[in-house]
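**Q** sequence and predicted model, in that order:
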Amino acid sequence: MNIRAAPGRPESAFHRRIPASENAIKNIIVSRRCSVRNMPPPSTIRFRIPTRSQWGANVLGDEPVSDAYAANAEFWIRIVRENLDPYRSGLTDPALLALVGECTGLHILDAGCGEGYLARELITRGAGFVHGVDTCAEFVAAAASHPAHDPSRTRFRLADVAALPLADDSVDLVVVNRLPHGLSEPGRRFTEFARVLRPSGRLVMLMMHPCFYVARGERTSAGTGFTIDDYFAGRTVRQRFEVAGTRSPAASVQALYSLEATIGMLTTAGFAITAVREPRPSDRQRRENPWWDEHFTRPLFLLLECALL
């Protein structure tokens, strides 16, 4: 399956770049300049964020997802920068980075980059250049204003992963870290990932487990809550997260699709799955901290590595 434009073919609407996303970061004003020695706590950072009409983004019907992240941006920035999420620090990040492996000199897309922590980590591991994209302007502003941000090796853009502002065959690796599935045209992002990847490139994607993850609002006393019909039809869940005793201000919005549907979207876009991981706490983690046995009672995450066919 060849999804790339033929030589000389004009850029189609499908591949059109989001208007004004190139200059979006330049228009984001941070209320105070931060240095390594004078970085305010995340809760005190305030951003002036351009509206969608100002930066011209089209999030393809997924405004509820983006709006929820905007409402919770300060919450998640604090969680990440104060390292308060044990799932991320103790489980998913190590598994994701292990599957990424050696990345020296690679050009990488961090799809759904959040406040930029993964892009910064990839740079410390030798990545040549990291493109970070997110539809949450608060996250993009936080990433661009971080003291460790090196604009010569990292660029953060306000953009949709389903309409990437990148050229064909421009990156060696696409990393997707717990990015919610799209509500509208969910397979389109995978076609975009295939478009921007070089022929030898890889996609490494961590997601909530499509078979076992139960959203907070779906849980019963038995810990289950969705039916077999819900599973195969696809679910849209809304839930507020609680991390380190703090509850998110707004409910997130997330679409969950069956394993069959998820794999179908990947293969339709031209990918083959080359590795499957289900991150879980080690025996040592479980012995040393009973928190894991209390909170990790079923597989919560699915980690995939994919290559272009």
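**A** Cool, the structure landed. Numbers count the residues shown, from 1 in each chain.
**Q** C-alpha from now on. contacts and neighbour counts both.
**A** Fine.
**Q** ranges for the strands of this protein?
**A** For the chain, applying DSSP state E gives strands covering 29-30, 47-48, 107-111, 129-134, 154-158, 171-177, 197-208, 235-239, 242-243, 246-247, 252-256, 271-277, 301-308.
**Q** quick check: residue 243 touching residue 84?
**A** Yes - Residue 243 lies in contact with residue 84 (CA atoms under 8 Å); the separation is 7.0 Å.
**Q** so how far is residue 290 from residue 163?
**A** Residue 163 sits 43 Å away from residue 290, going by CA to CA, to the nearest Å.
**Q** also residue 262?
**A** From residue 262 across to residue 290, the span is 33 Å (CA to CA).
**Q** neighbour count: these two, which is higher?
**A** Set side by side, residue 262 and residue 290 show more neighbours around residue 262, with 15 against 10, by other CA atoms under 10 Å.
**Q** how near is the more buried one to residue 191?
**A** 13 Å.
**Q** what does residue 145 give?
**A** Counting by CA to CA, the gap from residue 145 to residue 191 is 31 Å.
**Q** again, but for residue 117
**A** The gap separating residue 117 from residue 191 is 25 Å, by CA to CA.
**Q** same check, this time on residue 258
**A** Going from residue 258 to residue 191 by CA to CA gives 19 Å.
**Q** likewise for residue 238?
**A** 26 Å.
**Q** give me the more crowded residue out of those two.
**A** Of the pair residue 238 and residue 191, residue 191 is the one with more neighbours under other CA under 10 Å, namely 23 against 18.
**Q** tell me the spacing between the more buried one and residue 295.
**A** Distance from residue 191 to residue 295, by CA to CA: 35 Å.
**Q** go on, residue 71?
**A** Residue 71 is 26 Å from residue 295, by CA to CA.
**Q** ok, now residue 76?
**A** Look at residue 76 and residue 295: by CA to CA, they are 20 Å apart.
**Q** repeat for residue 285
**A** Using CA to CA, residue 285 is found at 13 Å from residue 295.
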